[in-house]
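Trainee: Quick one: sequence and predicted model below, then my questions.
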Amino acid sequence: MNRLWRKKRFFLGGLLALLLFVLMHSLIQSGLVSRHIQSLFVPVGLNMILALSLFLLVGMLGELSLGHAGFMSIGAYAGGLFSKVMMHVLPVWVRFPLALLVGALVAALLALLLSVPVFRLKGDYLAIVTLAFGEIVRSLVINLPFTGGAAGLKGIPKDTSFSFLYWIVVFTIWLTRWIYYSKIGLEWRAIRDNAIAAEACGIPVVSRKRAAFVFAASFAGIAGVLYSHHYSILTAEVFGFNRSIEVLVMVVLGGLESATATAVSAFFLTIAPEMLRFLNQYRMLIYSLMLIIVMIGRNTQWAKPKWFQQRRENA
Amino acid sequence: MASLAFVIAMINGINLGSIYALIALGYTMVYGIAKMLNFAHGDVIMAGALSIVVLVQQFHVHPVLSILISVILCVALGVLTEKIAYKPLRNSSSLSVLITAIGVSYLMQNLAQILFGSSLRSFPKVFHWPSMILGSVELKMDRVMTIAVTFLLMFLVLLFVYRTKIGLAMRAVAQDREAAMLMGVPMDRIISITFAIGAALAAVAGFFFGVAYGFVGPYSGSMPGIKAFTAAVFGGIGSIPGAILGGFLLGLAESMVKTFVSSELSDAIVFGLLIVVLLIKPTGLLGKEIRDKV
Amino acid sequence: MISSQAARREPSGYPALEAENLSVRFGGLNALQGFSFQLGYQQIGGLIGPNGAGKTTCFNLLTNLYEPTEGNIKLFGHEIKGAPSYHLFRWGLGRTFQNIRLFHRMTVLENVMVTQPNSSFFRANHQHRKDALELLDFFHLADQAEKKAGSLPYGAQRRLEIARALAGNPGVLLLDEPAAGMNPSETYQLAEQIKEIRNRFQVSILLIEHDMHLVMGVCDYLWVLNFGQQIAQGTPMEIQRNPAVIEAYLGRKERSEC
């Protein structure tokens, strides 16, 4: 794979994204797309961003976080509050990017604080701590006065537009892929495969883990800001443990190897429940079954290649 | 007056703590021996409690018998889930197993919802025990029973693990799985027994949960499961005394915070405490350091 | 702190790697006691001894995975005790592991590129790829560059581990049982390769090994450990004849057999 080929791929990808955008935009403008399908754009886009950011943590670094929705929540509330306060002070083209920045930064800051103790721990502790964290956020959000209490936060300006969301999603896909092959992506994957060897090869494991965690959290925060500025109302239940699990399912079913596959998985898992409305009451049941089947399938079906066994030894 | 509230909070705390300790014990045993975090453990409580409700209310089974049947059902459930969902992943990464366990948990919850509806059902008043009056405190008998039975069960488990041959085998597997296998320890059977014990304890915990809260629904097991899970980590995951200690401490903490600080924020504060404890002692209160072989 | 690569290359008057009175205790067990050695510039040293003698423990101490209870370690004359493990690699100390620790889900090429000293976070440039492939070529792994490291046969995996350590441009290379599990012809090839590595990459090498053919054929100098203590040191010729060494490996010989 040489330079020229890579440049070609980049432009081809960009062209495809542009064409798709033009297509979708004109479909919407001409009214050919039903309201129903239009209402799916935002959830799909948000889930893609969430899934890609969690993929970074779970797929590339190999660390399980069960509180991803908590960071989305933080971003949503931080960005939402900022916009509400600045609603008549700043024009939208200044205010909205700032709101995104605020959401990302607050989420990143909390992730940084959390990461200080967490990565000193060995074992499956990240899962528990992030779980606890998600619950703490949910509980605080319901009870603190400035977040609107149980009734929720209302009146956030609807700044998220289709185009903006579309290009952020495209950017996130591109960014995640780029990171995968970059030096830090290599280092994260090395840590995932064998943390001890990674340390011996000059990789500062703890600091890299923190970086991944903070980065993933900030993107979840951005997704949160996009969410709050589309639906305009925030209630705590949206960002509960269920949400974290749904995103995790998307990442896992995407194979944990490729960013593109994760995005595709997020796409299908968002529209499938809508397309299969009649199965709605069985939706979570089917999800859980799929999750189990896929996990077992990944690990046992074909003759286990040597590296699966090695993984267990080194785990 | 504050001291009275304190005593009541203490009793409630020990009551709650004993339920958490029973569940945490199951978590920690499975972690120590099968080296996995059985995320679905909390839902076994729900299965136990719900089965008692259904047996008593729909099939009019005698309460005591229904408790026994519930324990048997939960044990079957525990052993089956291990055989079907966890055994194939025995040599996979802990991430894979954890994700599968999450899948199993969700499966159980949603299955229960489909079979029994999502609304809460009231738990039958199984035993009509009189309350004792100690000074100015009314001591409900069911609280005392919960604590007494829990202690008895924990004692039995400790006896089993430290004084029987099977218990010895279990401890061997927990310390060095490969060596134990080479020594002829029947891995499958030991792991099944571990899951069975955990499930039985969870069934009992489910019964007491129903007695304490009065209502059960398909999602009732989730929160106690998460809390008991954190209690087990709190006390040192893999350590049996740690799980018991962690369970009681968590129950007490929750009860105290609910009474004296804030009812709504109790969850947040308790989880916050967990993070603080892990900060100070990363392996939990009684946990052991895991040394990687280089 | 050791900075530039140039400083490493020149014989600066200091031994490449030096340990003074190195000791570590685990609980009541003295895993290593009072071990001192000096590895010279571009020298191939061997650390041998019966199983459990403390050889890998010594390696773990040298790479700061364990903290010694006594003694200190110097890399090119600079004290490294207490430095975080990952610094040592950048300062010129590379190592391989007894039980192979490759990045099994990454490709062969990626395994080598992750240790390359590029300074940025960005995607590796053309030159880096070329250098990595050249390195792989030396180990006859270039044609498998895009395969997942875990899918390689055993011997190839061992070679890849060495390649990975070399990609970081070390001055000292620690090899932990590089010939383990190899057949005689593979071992012979490895011996030739180790000598070539020393010449081509100008590194000092310290290896732990049980295979005496490899050790005697490759090492310039040997240190023998038993029960955590050094019982002999010398050239391979001297060591072969050292009675203490023979006793450690084979047990006490009958007086009549000589």
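Mentor: Alright, I've got the coordinates.
Trainee: of all the residues in the stretch 151-300 of chain A, which ones are close to chain B?
Mentor: By C-beta under 8 Å from any C-beta of the partner chain, the residues of the stretch 151-300 of chain A that approach chain B are A:196, A:241, A:245, A:248, A:252, A:281-282, A:284-285, A:287-292, A:295-296, A:298-300. Quick note: C-beta positions are derived from backbone N, CA and C, even for glycine.
Trainee: Please pick the buried ones from those.
Mentor: A:196, A:241, A:245, A:248, A:252, A:284-285, A:287-289, A:291-292, A:295-296, A:298-300 (16 or more other C-beta atoms under 10 Å in any protein chain shown).
Trainee: Strands - which of the residues you listed land there?
Mentor: Among these, no member is found in strands (DSSP state E).
Trainee: now, which of the residues you listed lie within helices?
Mentor: The helices in this structure, assigned by DSSP state H, contain A:196, A:241, A:245, A:248, A:252, A:284-285, A:287-289, A:291-292, A:295-296, A:298-300 from these.
Trainee: which stretches of chain C have low pLDDT?
Mentor: By pLDDT under 70, the low-scoring segments of chain C are C:1-12, C:119-124, C:251-258.
Trainee: mind listing the strands for it?
Mentor: Counting by DSSP E, the strands of chain C are C:17-26, C:29-39, C:44-48, C:70-75, C:78-79, C:93-95, C:172-176, C:204-208, C:221-226, C:229-234.
Trainee: among those, which is the most enclosed?
Mentor: The highest average neighbour count among the strands of chain C, using mean count of other C-beta atoms under 10 Å in any protein chain shown, belongs to strand C:93-95 at a mean of 27.
Trainee: now check that strand, is it near chain A?
Mentor: Yes: if you take C-beta under 8 Å from any C-beta as the test, strand C:93-95 does meet chain A, through C:94-95.
Trainee: out of the ones in helices among the buried ones among the residues of the stretch 151-300 of chain A next to chain B, which touch chain C?
Mentor: A:I196.
Trainee: wait, B:L89 sits on B:S96?
Mentor: Yes: counting by C-beta atoms under 8 Å, B:L89 does reach B:S96; the two are 5.6 Å apart.
Trainee: which neighbours do those two share?
Mentor: Counting by C-beta atoms under 8 Å, 6 or more residues apart in numbering or on different chains, the contacts common to B:L89 and B:S96 are A:295, A:299.
Trainee: how much space between C:G92 and C:T115?
Mentor: 12 Å (C-beta to C-beta, to the nearest Å).
Trainee: repeat for A:V102
Mentor: 39 Å.
Trainee: Comparing the two, which residue is more hemmed in?
Mentor: C:T115 (27 against 20; other C-beta atoms under 10 Å in any protein chain shown).
Trainee: one step back: with distance to A:F82 added, can I get the strands of chain C in CSV?
Mentor: Below are the strands of chain C laid out as CSV (distance: least, C-beta to C-beta, whole Å):
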stretch, distance to A:F82
strand C:17-26, 54
strand C:29-39, 57
strand C:44-48, 61
strand C:70-75, 51
strand C:78-79, 50
strand C:93-95, 49
strand C:172-176, 53
strand C:204-208, 58
strand C:221-226, 64
strand C:229-234, 66
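Trainee: would you turn those into TSV with distance to chain B?
Mentor: Output for the strands of chain C, formatted as TSV (distance: least, C-beta to the nearest C-beta, whole Å):
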stretch	distance to chain B
strand C:17-26	9
strand C:29-39	13
strand C:44-48	16
strand C:70-75	17
strand C:78-79	22
strand C:93-95	10
strand C:172-176	9
strand C:204-208	13
strand C:221-226	17
strand C:229-234	21
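Trainee: quick one: which helix or strand includes B:G42?
Mentor: B:G42 belongs to helix B:41-57 when assigned by DSSP states H and E.
Trainee: Give the rounded mean pLDDT of that helix.
Mentor: The pLDDT scores in helix B:41-57 average 90.
Trainee: helices and strands around it, which ones?
Mentor: In this structure, helix B:41-57 makes packing contacts with helix B:2-34, helix B:63-81, helix B:94-116, strand B:121-122, helix B:187-213, strand B:215-216, helix B:222-235, judged by 3 or more C-beta pairs under 8 Å, 6 or more residues apart in numbering or on different chains; DSSP states H and E.
Trainee: and the angle from it to helix B:187-213?
Mentor: 60 degrees (axes from the mean of the first three to the mean of the last three C-alpha atoms, to 10 degrees).
Trainee: tell me how far helix B:41-57 is from the chain's mean position?
Mentor: 14 Å (C-alpha atoms, centre = their mean, to the nearest Å).
Trainee: ok, now how distant is A:S228 from A:H88?
Mentor: From A:S228 to A:H88 the distance is 18 Å (C-beta to C-beta).
Trainee: what about the stretch 151-300 of chain A, any weak spots by pLDDT?
Mentor: Using pLDDT under 70, the stretch 151-300 of chain A drops low at A:151.
Trainee: Around chain C, which positions in it sit nearby?
Mentor: Looking at chain C, the residues of the stretch 151-300 of chain A close enough under C-beta under 8 Å from any C-beta are A:178, A:181-184, A:186-187, A:189-190, A:192-194, A:196-205.
Trainee: Looking at these, which are in helices?
Mentor: Filtering these for helices - DSSP H - leaves A:178, A:181, A:183-184, A:186-187, A:189-190, A:192-193, A:196-200, A:205.
Trainee: returning to what we had before: out of the strands of chain C, which gets nearest to B:I33?
Mentor: Using C-beta to C-beta as the measure, strand C:17-26 is the one of the strands of chain C that comes nearest B:I33, at 25.9 Å.
Trainee: Tell me what angle the closest one forms with strand C:172-176.
Mentor: Using the same axes, to 10 degrees: strand C:17-26 against strand C:172-176 is 40 degrees.
Trainee: Does chain A have contacts with strand C:17-26?
Mentor: No: judged by C-beta under 8 Å from any C-beta, strand C:17-26 stays clear of chain A, getting no closer than 15.4 Å.
Trainee: now for that strand, which elements pack on it?
Mentor: Using 3+ C-beta pairs under 8 Å, 6+ apart, strand C:17-26 sits against strand C:29-39, helix C:55-62, strand C:70-75.
Trainee: Check the contact between A:T260 and A:I173; I expect there is one.
Mentor: Yes: the criterion here is C-beta under 8 Å, and A:T260 meets it with A:I173 at 7.0 Å.
Trainee: Please say which of those two ends up with more neighbours.
Mentor: In terms of neighbours (other C-beta under 10 Å), A:I173 is the more surrounded of A:T260 and A:I173; the figures are 20 against 15.
Trainee: Now the more buried one: closest residue in space, sequence neighbours ignored.
Mentor: A:A263 (5.3 Å; C-beta to C-beta, 6 or more residues apart in numbering or on different chains).
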